[in-house]
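A.B. asks: below: sequence and its predicted model.
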Amino acid sequence: MSKVPKILHIHSTFDAGGKELRNVRLINAWGKAADHAIVSGDLEKRGAARLIGNKAKVSWPKFPSLQGKPTPGRLAALAKAMAGYDLICTYNWGAIDAVMAHTVFADVFKLPPLVHHEDGFNEDEAKRLKKRRNWYRKIALGRAAALVVPSAKLEDIALNTWSQPRTRVRRIPNGIDTRAFAAPAKRDILPGLIKHKDEFWVGTLAGLRAVKQLDVLVRAMDRMPAEWQLVIAGEGPERENLLAEAERLGVEDRVHLPGFVAEPQKLVGLFDIFALSSLSEQFPISVVEAMAAGLPVVAPRVGDIGAMVASDNGPALVDPGDEKALAKSLARLADDPVTRDRMGQANRKKAREEFDERRMIERYQALYWGLMEKYPKPQ
């Protein structure tokens with residue numbers, strides 16, 4: 001028996017999104033207490049890997065494709081590749097065939113317990129879940145040891161739409177190192193972009209994907225005072241479309257896309273308002289980061305965002321899909337520094353009290369090592 005457990009993590013991609021960043025945070029927190037093998041279904045999308053610390057032991061094993069029809073032969077190949085580990089962790093719909101393979105072939109290949117994690121949905125299920133996928137999830141999760149979700153909305157879906165037993169579903173809210181976001185940010189942290197003393201920034205951290213509806217924020221800049229800038233930190237396929245929209249509106253000099261930011265705690269403090277415009281969110285880590293930095297949050301009431309922010313911040317939220325209301329909310333806060341400060345301070349207090357990463361790490365550790373009883377828990 002190995003001195004430390006071997007944990008297999010299966011992702012459709014490992015770019016720097018919410019679930020990947022949480023995965024990295026946990027891996028770094030446990031250091032040498034476990035060996036981690038990470039599968040990215042798309043080998044070109046492994047941006048989050050750059051954040052893995054030196055103390056962590058991580059490998060990237062060869063693995064069958066996560067895409068294709070769930071034929072018996074393909075599921076058997078997936079199951080065979082999952083043998084030899086102490087715990088299997090799968091993430092979102094993109095890894096659901098590995099979950100099905102575990103349910104069908106766990107006994108044949110003597111597979112370890114599997115924990116599935118669901119963090120939200122892409123554009124194709126942002127407005128409505130697909131019945132065929134709901135049916136498939138119900139069957140695939142039949143032998144999962146646990147289904148972890150970060151939000152109350154996803155917990156309700158797991159219990160009532162996917163018909164999962166109460167004992168299987170675990171709600172573990174996302175957490176961050178809240179204290180790290182309290183330090184003042186340097187005005188020149190972004191290459192080629194300096195925040196001047198007479199400027200204010202609306203900022204967001206998001207993958208540049210259609211489901212994020214970032215063009216809504218670009219259009220909102222047309223109604224903001226001239227001293228306000230928009231900074232969207234992230235990477236993705238919508239970059240050129242966003243730049244084209246900014247140019248169409250004549251605000252290209254006030255819209256900035258600096259790319260992926262590896263240490264958001266060094267950037268978020270430069271924002272004056274944090275904004276989201278997504279069609280679908282559940283428990284976005286970026287909102288917790290903004291709260292910890294003492295920012296007001298303008299966003300649609302999707303997922304758990306309404307419950308996440310402090311009650312003082314409630315009036316800044318808008319109905320999902322109401323682009324005009326979101327633009328008005330941003331404009332109101334732009335003209336009201338007193339309210340911005342009041343909302344931000346209330347958010348910081350709530351983030352520190354409820355969403356610090358220590359509690360999240362403890363709960364994941366209790367779950368994972370509880371399923372790997374023969375190994376001592378990390379100190």
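C.D. replies: Good, I have the coordinates. Residues are numbered from 1 along each chain as shown.
A.B. asks: now for the helix ranked longest in the chain, which elements pack on it?
C.D. replies: Ordering each helix of the chain by length in residues (DSSP state H) puts helix 337-354 first. Contacts defined by 3 or more CB pairs under 8 Å, 6 or more residues apart in numbering; DSSP states H and E place helix 337-354 against helix 285-292, helix 323-334. Backbone N, C-alpha and C define where each C-beta goes, glycine included.
A.B. asks: only alpha carbons, please: show the first one as CSV.
C.D. replies: Put plainly, it is helix 285-292. The C-alpha coordinates for helix 285-292 follow below in CSV (Å, rounded to 0.1, in the frame of the first residue of the first chain):
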residue,chain,number,x,y,z
ILE,A,285,-16.0,32.0,-6.7
SER,A,286,-15.4,35.3,-8.5
VAL,A,287,-18.3,36.8,-6.5
VAL,A,288,-16.8,35.6,-3.2
GLU,A,289,-13.4,37.1,-4.3
ALA,A,290,-15.1,40.4,-5.1
MET,A,291,-16.9,40.4,-1.7
ALA,A,292,-13.6,39.6,0.1
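A.B. asks: quick one: list the elements packing against it.
C.D. replies: Here helix 285-292 touches helix 18-30, strand 200-205, strand 273-275, strand 297-298, helix 305-308, helix 337-354, going by 3+ CB pairs under 8 Å, 6+ apart.
A.B. asks: that helix vs helix 337-354, what angle?
C.D. replies: 110 degrees (axes from the mean of the first three to the mean of the last three CA atoms, to 10 degrees).
A.B. asks: tell me which residues are up against helix 285-292.
C.D. replies: Residues from elsewhere that reach helix 285-292 (CB atoms under 8 Å, 6 or more residues apart in numbering): 18, 21-22, 174-176, 178-182, 204-206, 264-265, 268, 271, 274, 276, 281, 297, 299, 305, 308-310, 347-348, 350-352, 355.
A.B. asks: same check, this time on stretch 213-226
C.D. replies: Stretch 213-226 is contacted from outside by 200, 202, 204, 206, 208, 228, 230, 232, 238, 241-242, 245-246, 249-251, 254-255, 275, 277-279, 323, 326-328, 330-331, 334-335, using CB under 8 Å, 6+ apart.
A.B. asks: try stretch 188-202
C.D. replies: Identification of contacts with stretch 188-202 by CB under 8 Å, 6+ apart yields 187, 217, 220-221, 224-225, 227-231, 256, 258, 261, 266-267, 270-275, 298, 330, 334.
A.B. asks: break down this structure into its strands, ranges please.
C.D. replies: Under the criterion DSSP state E, the chain contains strands at 6-11, 35-40, 57-59, 87-91, 114-117, 146-149, 169-171, 200-205, 228-233, 255-256, 273-275, 297-298.
A.B. asks: distance between the fifth one and the chain's centre?
C.D. replies: Going back to what we said before, that points to strand 114-117. 16 Å (CA atoms, centre = their mean, to the nearest Å).
A.B. asks: mean confidence (pLDDT) on that strand, please.
C.D. replies: For strand 114-117, the mean pLDDT works out to 98.
A.B. asks: show me the shaky parts of the stretch 1-150 of the chain.
C.D. replies: Flagging of the stretch 1-150 of the chain using pLDDT under 70 yields the residue ranges 1, 123, 126.
A.B. asks: could I get the full set of helices for it?
C.D. replies: For the stretch 1-150 of the chain, the helices defined by DSSP state H, counting those that start in this stretch occupy 18-30, 72-81, 96-105, 131-140.
A.B. asks: most tightly surrounded among those helices?
C.D. replies: When these are scored by mean count of other CB atoms under 10 Å, the highest mean neighbour count falls to helix 96-105 (a mean of 24).
A.B. asks: what helices and strands are in contact with that helix?
C.D. replies: On a contact count with 3+ CB pairs under 8 Å, 6+ apart, helix 96-105 meets helix 72-81, strand 87-91, strand 114-117, helix 131-140.
A.B. asks: who touches that helix?
C.D. replies: 10, 66, 68, 70, 72, 74-76, 78-80, 82, 88, 90, 111, 114, 116, 133, 136-137, 139-144.
A.B. asks: mind redoing it with 6 Å?
C.D. replies: Residues from elsewhere that reach helix 96-105 (CB atoms under 6 Å, 6 or more residues apart in numbering): 10, 70, 75-76, 78-79, 90, 111, 114, 116, 140, 142-143.
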